[in-house]
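[1] Quick one, what's the 3D model for this:
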Amino acid sequence: MPVEAHSPLYLEAYRKSVQNPVAFWEELGHLLDWDRPWQQVLDNSNPPFTKWYVGGYLNACYNAIDRHILAGRGDSVALIHDSPMTETVRKVTYQELYDEVVLLAGGLAKLGVTKGDRVVIYMPLIPETIVAMLAIVRLGAIHSVVFGGFAAQELCSRIEHVEPKLVIAANAGVEPGKVVPYLDILHSAINMSRWRPPQRNIIFMRENVASEILDETADVLWSTVLAMADANQPVACVPVEANDPLYVLYTSGTTDKPKGVMRTIGGHLVALMYTLKMIYGIQPGDTWWAASDMGWVVGHSYICYGPLCLGATSVMYEGKPDRTPDPGQYFRLIDQHKVCAIFSVPTSFRVIRRADPEISYGRQYCMKSLRAIFIAGEHCDYETKAWIGKTFKVPVLNHWWQTETGSAVTATCLGFQQNVNPPMYSTGLPLVGYDIKILKKDGTEALPSELGRIVLKLPLPPGNMATLYKNDELFRKLYFQKFPGYYDTMDAGYKDERGYIFVTARDDDVINVAGHRLSTSSLEDAVLRHPDVVDVAVFGVPEATKGQVPLCLYIPVENCKKTDAKLSAEIIKLIRDVVGPIAAFRLITSVNNLPRTRSGKTMRKAMADFARNELVVLPSTIDDASIFSEIRRALQHLGYAMSAPEPIGAKMLN
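    Coordinates of the predicted model:
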């Protein structure tokens, strides 16, 4: 990478991290408080099972809460829970968080939870979820948070696989227009499970949402467990070795082969504190908002552990971008809580743009506190990114990471004073510690701007997953077998002459049209250049002559005056002008909605499978499964016979 192209601060740190990782990460290890210093910074004697800070002992709860109390910052706000769903705003100080965590940890200890035990958490986005996480790790135990939208079968598969000592749950969650019966789902999961936790379930009652009667043989109230603790003798933090597990987080809805990412404590907490400061520019005392759920990796990394270890204020928003009650909520939160930076998915902003293109709801709020918006989780088209920047008047910075990595692999870093106008569509430069290569199928390195598989040279820096829980062999085979010496991200992309990384799509989202490899995301970018289009999904479908051709479903702007035929014809011409005739772009029609998960991702693979007349089993995290009825009509309009049955949802399977 040419020196003149990048920040000297970044270049110096990056080169040191790659050329002398031991010295680089040894210095950063002191961001945390350790009970016992490490004996070896890096042990890569058994790749890919790399270990960091070997022999060092620490506790995640101590670093997230206790040390701030001891430093006199107990009155600082740790969490802001803003819930338009329940019409409440609650601020929790570090002292209040400590008090609750210590009591719950004391009660868990009385119930027999000890170092190394696993505890499943099935709760919505409320402060008590973080209380549960921290109380568990205070005892040296391991948590496995299950997203609250998962149905009984999926919850059951995780309980069976992780074999918890007990389960902590809420009685209910809340979605627009409905209450999610967590307690009923939990009971169903336990009843169908081959693993029965030896202790009763701990239930936090959300009285302002719903009121249920507990099963006295299976459940115990959260408040009862708190009362078990000895308030005069707070439970001390249990030191654990840096390479002991912090948590297990499942990444897919499969029930036959659960894929549980196991993260260890030491390197992960170092990476989170460092990235929160260097990527996102957050300092102790700043208010930061990661718009995610505790059931996803973003919630673990940047709602809970990162902000709390740093001593920042973390916003927990229980609501939607547009419906709770209006599309001005992102603006309100920034203004009301003086948010410095946001991390969200691009779809959230597309939703706001579609619901309120003139920002009539949002313009009443002040954005002065906001310094930047960070987007990840899915491809972001140029039009959406430009709209976000124009609307919020701050840099909009794309970055890329995975559940497996735990934090970003590429980014534009505020802390390194990097150029906040990276090349269009780039996800930024490699983060410190990551030696990124673009490899072709034969394992040779691709040329600059040549599409290939993105891989990461071993050893991986601190913070990445240590293995897959109970399945070292799958871990090795899935991520490291195809390209020996590298971690296979399974994402496609390229690198330009200056080292910027471009993540085009999941590798299976690259379609082959008559021998031409095309990224569906690049086609979506071109479609979204049309001013009458607010959202789009492009996926490949079989075609006898060309092998595959793209199929496009798009959402027009509200009150669009053009007919479907006219607008589709204009988009086809736009694609020919931008991409060329090689795209064979002719299958196109409008829809009112696209199927999405609750985390905001568009379900392109499910639509592609559906178009191929394959049976589609939807995860229970889909926002509205009925949308597939409209997708069927759209595909039939395009000439598809559509003999496939309606997609089956996970909830239907139960």
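[2] CA only for contacts and neighbour counts going forward, please
    OK.
[3] For the closest residue to A242 other than its chain neighbours, report the pLDDT, please.
    Leaving aside its sequence neighbours, A242 sits nearest to G266 (C-alpha to C-alpha, 6 or more residues apart in numbering; 4.2 Å). Looking at G266, its pLDDT reads 97.
[4] Going toward the C-terminus from the helix or strand where G266 lies, what's the next helix or strand?
    Assigned by DSSP states H and E, G266 falls within helix 265-278. Going down the chain from helix 265-278, the next helix or strand is strand 287-290, by DSSP H and E.
[5] Now do that following strand, average pLDDT.
    Rounded mean pLDDT across strand 287-290 is 98.
[6] now for it, which elements pack on it?
    strand 313-317, strand 341-344 (3 or more C-alpha pairs under 8 Å, 6 or more residues apart in numbering; DSSP states H and E).
[7] which sections of the stretch 201-350 of the chain are below the confidence cut-off?
    252-257 (pLDDT under 70).
[8] same question, the chain
    For the chain (pLDDT under 70), the answer is 1-5, 252-257, 505-510, 514-517, 544-545, 598-600, 615-625, 641-654.
[9] circling back to that earlier point, could I get the helices and strands packed on strand 287-290 in JSON lines, plus columns for mean neighbour count and distance to L447?
    Formatted as JSON lines, the helices and strands packed on strand 287-290 follow (neighbours: other C-alpha atoms under 10 Å; distance: least, C-alpha to C-alpha, whole Å):
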{"stretch": "strand 313-317", "mean neighbour count": "27", "distance to L447": "42"}
{"stretch": "strand 341-344", "mean neighbour count": "21", "distance to L447": "32"}
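[10] Any chance of CSV for those, columns distance to Y365?
    Below are the helices and strands packed on strand 287-290 laid out as CSV (distance: least, C-alpha to C-alpha, whole Å):
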stretch, distance to Y365
strand 313-317, 17
strand 341-344, 16
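[11] Let me know whether K165 touches R118 as I believe.
    Yes - the criterion here is C-alpha atoms under 8 Å, and K165 meets it with R118 at 5.8 Å.
[12] The two: who's more crowded?
    Taking neighbours as other C-alpha atoms under 10 Å, K165 and R118 compare with R118 leading, 26 against 21.
[13] May I have the beta-bridge partners of that one?
    Note on R118: beta-bridge partners by DSSP bridges are I142.
[14] Tell me how far it lies from G148.
    18 Å (C-alpha to C-alpha, to the nearest Å).
[15] got a list of contacts for the longest helix along the chain?
    Ranked by number of residues, the top helix in the chain under DSSP state H is helix 94-110. Here helix 94-110 makes contact (C-alpha atoms under 8 Å, 6 or more residues apart in numbering) with 65-66, 68-69, 73-78, 131-132, 134-136, 138-139, 225-231, 234-235.
[16] How about stretch 591-604?
    292-293, 345, 347-348, 377-378, 536-539, 553-556, 621-625, 627-628, 630-631, 634.
[17] ok, the residue positioned nearest the centre of the chain - contacts?
    With distances taken as C-alpha atoms, centre = their mean, V298 lies nearest the centre of the chain, 4.0 Å away. By C-alpha under 8 Å, 6+ apart, V298 lies in contact with A290, S292, G406.
[18] Need the three-state assignment for Y53.
    Secondary structure assignment for Y53 (DSSP: H, G, I helix; E, B strand; the rest coil): strand.
[19] Helices along the stretch 151-300 of the chain, start to end?
    152-162, 182-192, 222-228, 265-278, 297-298 (DSSP state H, counting those that start in this stretch).
[20] again, but for the stretch 551-654 of the chain
    Going by DSSP H, counting those that start in this stretch, the stretch 551-654 of the chain shows helices at 564-578, 604-611, 627-637, 650-653.
[21] gap between the residue lying closest to A60 once chain neighbours are set aside and K110?
    Nearest residue to A60 in three dimensions, chain neighbours excluded: V137, at 6.4 Å (C-alpha to C-alpha, 6+ apart). Using C-alpha to C-alpha, V137 is found at 15 Å from K110.
[22] Check V503 too.
    Between V503 and K110 the computed distance is 49 Å (C-alpha to C-alpha).
[23] Please say which of these two ends up with more neighbours.
    Using other C-alpha under 10 Å as the criterion, V503 and K110 rank with V503 on top: 26 against 14.
[24] Which element is encountered next along the chain beyond the one helix or strand the more buried one maps to?
    For V503, the host element (DSSP H and E) is strand 501-506. Downstream of strand 501-506, the next assigned helix or strand under DSSP H and E is strand 510-513.
[25] who's in contact with that next one?
    Contacts for strand 510-513 (C-alpha under 8 Å, 6+ apart): 492, 517-520, 539-540, 546-550, 582-584.
[26] Compare those residues and tell me which has the most neighbours.
    Using other C-alpha under 10 Å as the neighbour test, the contacts of strand 510-513 are led by G540, with 27 neighbours.
[27] Tell me the secondary structure at it.
    With three-state DSSP as the criterion, G540 reads strand.
[28] Enumerate every residue touching the residue lying closest to it once chain neighbours are set aside.
    Distances taken as C-alpha to C-alpha, 6+ apart place P550 nearest to G540, at 4.6 Å, with adjacent residues excluded. Each residue near P550 by C-alpha under 8 Å, 6+ apart is listed here: I511, T520, V538, F539, G540, V541, A583, A584, F585, R586, L587.
[29] quick check, nearest of these to N191?
    F539 (39.6 Å; C-alpha to C-alpha).
[30] right, and the closest one touches E524 too?
    No - with contact defined as C-alpha under 8 Å, F539 does not reach E524; the gap is 9.4 Å.
[31] Please enumerate the strands of the stretch 301-450 of the chain.
    313-317, 341-344, 372-375, 396-398, 400-401, 408-411, 429-430, 436-439 (DSSP state E, counting those that start in this stretch).
[32] circling back to that earlier point, quick one: distance of the helix or strand harbouring the residue nearest to G540 to the chain centre.
    Following DSSP H and E, one finds P550 within strand 547-556. In terms of C-alpha atoms, centre = their mean, to the nearest Å, the centre of strand 547-556 is found 26 Å from the chain centre.
[33] And for stretch 573-585?
    33 Å.
[34] Can you list the buried residues in it?
    Neighbour-count burial for stretch 573-585, counted by 16 or more other C-alpha atoms under 10 Å, picks out K573, L574, I575, R576, V579, A583, A584, F585.
[35] okay, how far is it across that stretch, tip to tip?
    Using C-alpha to C-alpha, first and last residues of stretch 573-585 are 9 Å apart.
[36] Can you add distance to E12 and give the helices of the stretch 551-654 of the chain back as a markdown table?
    Converted to a markdown table, these look like this (distance: least, C-alpha to C-alpha, whole Å):
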| stretch | distance to E12 |
| --- | --- |
| helix 564-578 | 39 |
| helix 604-611 | 40 |
| helix 627-637 | 50 |
| helix 650-653 | 49 |
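[37] hey, which of these is tucked in deepest?
    Highest mean neighbour count among the helices of the stretch 551-654 of the chain (mean count of other C-alpha atoms under 10 Å): helix 604-611, with a mean of 20.
[38] now the angle between helix 627-637 and it, please.
    Using axes from the mean of the first three to the mean of the last three C-alpha atoms, to 10 degrees, the direction of helix 604-611 lies 50 degrees away from that of helix 627-637.
[39] Now helix 604-611 - C-alpha only, PDB.
    What follows is helix 604-611, C-alpha atoms only, in PDB (Å, rounded to 0.1, in the frame of the first residue of the first chain):
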ATOM      1  CA  ARG A 604     -32.400 -13.400  -1.300                       C
ATOM      2  CA  LYS A 605     -31.400 -17.000  -1.000                       C
ATOM      3  CA  ALA A 606     -34.900 -18.000   0.100                       C
ATOM      4  CA  MET A 607     -36.400 -16.100  -2.800                       C
ATOM      5  CA  ALA A 608     -34.000 -17.800  -5.200                       C
ATOM      6  CA  ASP A 609     -34.800 -21.200  -3.800                       C
ATOM      7  CA  PHE A 610     -38.500 -20.400  -4.000                       C
ATOM      8  CA  ALA A 611     -38.100 -19.400  -7.700                       C
END
